[in-house]
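> starting from these lines, generate the structure:
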Amino acid sequence: MRHTGGRLFPLALVLGLVCWAAGRADDKKDDAPKVEEGYTSLFNGKDLTGWKYYGTLLEGKTETPDKRIEVKDGVIVMNEKDEKGKGGIKDLYTVKSYNNDFNLKLEFRAALKADSGVYLRGPQLQVRDFIRRNEQRQLKKFKNDDWNELDITVKGGNFATTVNGKALKVSDILELTVKERKPAAKLNGKDIDVTGIQVTANALATCLCNGEPLSPKTMNVPAKATAGIGLQAETGKFEFRNVRIKELNGGASASSC
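Residues are numbered from 1 along each chain as shown. As a prediction, the model looks like this:
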């Protein structure tokens, strides 16, 4: 027996209450999304902490000021435009931006013919109810009205070269020489004006849906982030969950924007 405040309580009862309280604490821990080793969750499953909406930080908020986007049952919900006009194209961004190479994973669920997108350092990857919109027909594993996973890897070190505004093909050979401090250039053996050459360093995003490549499989994105990871609300109801990221070369240059 345990004596407390003049009353006697069986030791088993006391121990039972302690275990119950510990179990409740564990339940709360289990509410947070579980991520793979090395990944950081960008969505806590409860509110929009870590995200911003047109300059408004959403710490502890479960919806945007216009209610266009809300958190419900552990999911970020892009609501369909209603009869009162609530809707339109809106964008939700992480507070942090990511300059390092990274792997981004998330799950999405699209209503009938719904349209959305994921922003990667500015450019948008179109994410939609692909099959029922007659798009991305090569995706054999896509699930209508169910959860699908995006797996996006962004790596730098890619260079885009144009001559007079036209992108070079893989088969093209561009030669640049400098003699007596004067540059000269040839494209496929023919002289060209060096002022028409532009070389841009960027990154390449490789995009998979349920392990299958989207078309095109890769897209060019800036070498440095101008904004965080973005989720778009466009047409139809769209949902996101299990949003997580892994920086691939140190993670030191994640920065606030």
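
> and stretch 65-72, end to end?
15 Å (Cα to Cα, to the nearest Å).

> now stretch 166-179
26 Å.

> same thing with stretch 77-91?
Distance between the two ends of stretch 77-91: 12 Å, counting by Cα to Cα.

> output the below-cut-off pLDDT ranges for the stretch 151-257 of the chain.
250-257 (pLDDT under 70).

> now do the strands in it.
166-167, 174-179, 182-187, 190-192, 197-209, 212-222, 230-235, 238-247, 254-256 (DSSP state E, counting those that start in this stretch).

> right, and the ones you listed - which one's nearest residue 91?
Smallest distance to residue 91 across those (Cβ to Cβ): 5.2 Å, for strand 230-235. Backbone N, C-alpha and C define where each C-beta goes, glycine included.

> contacts made by that closest one with the rest, please.
68-69, 76, 78-81, 87, 89-94, 113-119, 124, 127, 240, 243 (Cβ atoms under 8 Å, 6 or more residues apart in numbering).

> give me the buried subset of those.
68-69, 76, 78-79, 81, 87, 90-94, 114-119, 124, 127, 240, 243 (16 or more other Cβ atoms under 10 Å).

> among these, name the ones in strands.
When the buried ones among the contacts of strand 230-235 are checked against strands (DSSP state E), the matches are 69, 76, 78, 90-94, 115-119, 124, 127, 240, 243.

> was I right about residue 101 contacting residue 203?
Yes - at 7.4 Å, residue 101 counts as touching residue 203 under the criterion of Cβ atoms under 8 Å.

> common neighbours of those two, please.
Going by Cβ under 8 Å, 6+ apart, residues that sit against residue 101 and also against residue 203 are 154-156.

> which of these sits closest to residue 248?
residue 155 (7.3 Å).

> next one: stretch 156-164 to chain centre, how far?
24 Å (Cα atoms, centre = their mean, to the nearest Å).

> how near is residue 182 to residue 176?
Counting by Cβ to Cβ, to the nearest Å, the gap from residue 182 to residue 176 is 12 Å.

> for residue 74, that is, sorry about that
Distance, residue 74 to residue 176, by Cβ to Cβ: 55 Å.

> and for residue 219?
27 Å.

> out of these two, which sits in the more crowded spot?
residue 219 (18 against 13; other Cβ atoms under 10 Å).
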